[in-house]
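Asker: need a 3D model of the sequence below.
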Amino acid sequence: MRTLPVFETLHLDVDGGSGIATLSLNRPESRNALNVRMCHELTAACEALEADEAVRVIVLRARGVAFCAGADLKERQGMSPAEMVARRVDGFTAYAALEAMSKPLIAAVHGAAFGSGCEIAAACDFVLASTQAVFRYPEVGWGTVGATQRLPRIVGRRMAKELLFTGRAVDAQEALRLGLVNHVYDPDEFDAAIAGTAEAIAAANPLTVQLTKQSIDQGLDTTREGAMAVELLAIQRNLRHSDWRKAISGFGAKGANDAAS
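Answerer: The predicted model follows:
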């Protein structure tokens, strides 16, 4: 039987049959505000999930009424500038650990996702949202700098500046239009939509999914020519290690409208 890590600020559940892991932010009494302990545990959870061969896809959720109401400001009271920098580094390390996962990572956002909550969601591969989700970047209003790198890569330079300078709230439908989220669901449809998406990804060849993720992420950080080289290397590895022949052999049974590259 698998022994899962036990955390203070997170809850981890792995369905070995489906390959779907659910990682939940678990500080509902604090609206899942991000503290140092949660930063460290997010990093540790990513390491554990990366090493677990049974895990094919991860859903990042939250318990309570909010996804994540931002950084734990109570924890920051009395900190020196050096301590504040160290605390921000802990947060950056957690976001980077989420972003670096080789396995697909879906953020399922309900309620408030403010500040650090937006960063956590942005570090995932894509976001599914409830109609009750609200996004807000309050960093400038708190007299600090943050969210300046992932946000403009998602919504563009001008919109990122507006959202950061004003700190205004963005509801789920606007978040969908801006590209902050991929889909929006009514609360009574939310769980089923998350499960359906995760199951569809988990049913695919895990190596192929991971190589596709890697090709997108690495390709966007290089030239068009470099990106093609990244994809070609991924194709070669996939051909060596995946069951692509079996998939092709079943092509005719799927229907005449199927297409292949």
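
Asker: just the helices from the chain, written as ranges.
Answerer: Counting by DSSP state H, the chain has helices at residues 36-51, 73-76, 81-99, 116-122, 150-155, 157-166, 172-178, 187-202, 206-219, 224-241, 244-249, 251-254.

Asker: nearest to residue 17, out of those?
Answerer: For residue 17, the closest of those is helix 187-202, at 9.8 Å, according to C-beta to C-beta. (Glycine included, C-beta is placed from N, CA and C.)

Asker: now do stretch 104-117: distance to the chain's middle.
Answerer: 8 Å (C-alpha atoms, centre = their mean, to the nearest Å).

Asker: extract the CA atoms of it and return them as PDB.
Answerer: In PDB, the C-alpha atoms belonging to stretch 104-117 read as follows (Å, rounded to 0.1, in the frame of the first residue of the first chain):
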ATOM      1  CA  PRO A 104       0.200  17.800 -16.100                       C
ATOM      2  CA  LEU A 105      -1.000  20.000 -13.300                       C
ATOM      3  CA  ILE A 106      -4.600  21.400 -13.400                       C
ATOM      4  CA  ALA A 107      -5.600  24.300 -11.100                       C
ATOM      5  CA  ALA A 108      -9.300  24.100 -10.000                       C
ATOM      6  CA  VAL A 109     -10.200  27.500  -8.600                       C
ATOM      7  CA  HIS A 110     -13.300  28.400  -6.600                       C
ATOM      8  CA  GLY A 111     -13.800  31.500  -4.500                       C
ATOM      9  CA  ALA A 112     -11.000  34.000  -4.000                       C
ATOM     10  CA  ALA A 113      -7.700  33.700  -5.700                       C
ATOM     11  CA  PHE A 114      -5.800  36.800  -4.700                       C
ATOM     12  CA  GLY A 115      -2.100  37.600  -5.000                       C
ATOM     13  CA  SER A 116      -0.200  34.300  -4.200                       C
ATOM     14  CA  GLY A 117      -3.400  32.400  -5.100                       C
END
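
Asker: please begin residue numbering at 431 from this point
Answerer: Understood, numbering begins at 431; the last thing we discussed is stretch 534-547.

Asker: how is the protein carved up into domains?
Answerer: Per the TED database, the domain ranges recorded for the chain read 440-633, 636-689.

Asker: now mean pLDDT and mean neighbour count too, for the ones you listed, in CSV please.
Answerer: Formatted as CSV, the domains of the chain follow (pLDDT from 0 to 100; neighbours: other C-beta atoms under 10 Å):
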stretch, mean pLDDT, mean neighbour count
domain 440-633, 96, 18
domain 636-689, 76, 13
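
Asker: which residues touch the closest residue to residue 473 other than its chain neighbours?
Answerer: Spatial nearest neighbour of residue 473, excluding adjacent residues (C-beta to C-beta, 6 or more residues apart in numbering): residue 527 at 4.4 Å. Residues in contact with residue 527, defined by C-beta atoms under 8 Å, 6 or more residues apart in numbering, are 472, 473, 476, 477.

Asker: what of residue 581?
Answerer: Applying C-beta under 8 Å, 6+ apart, we find residue 581 in contact with 548, 552, 567, 590, 593, 594.

Asker: the fourth one touches residue 576, doesn't it?
Answerer: No: with contact defined as C-beta atoms under 8 Å, residue 590 does not count as touching residue 576 (11.8 Å).

Asker: and the contacts of stretch 649-669?
Answerer: With C-beta under 8 Å, 6+ apart as the criterion, stretch 649-669 contacts 637, 638, 641, 642, 644, 645, 648, 674.

Asker: what two of the residues you listed are the furthest from one another?
Answerer: Farthest pair in these, by C-beta to C-beta: 648 and 674, 21.2 Å.

Asker: give me the nearest residue to residue 576, chain neighbours excluded.
Answerer: residue 569 (4.0 Å).

Asker: show me the contacts for the one you found.
Answerer: 545, 575, 576, 577, 594, 597.
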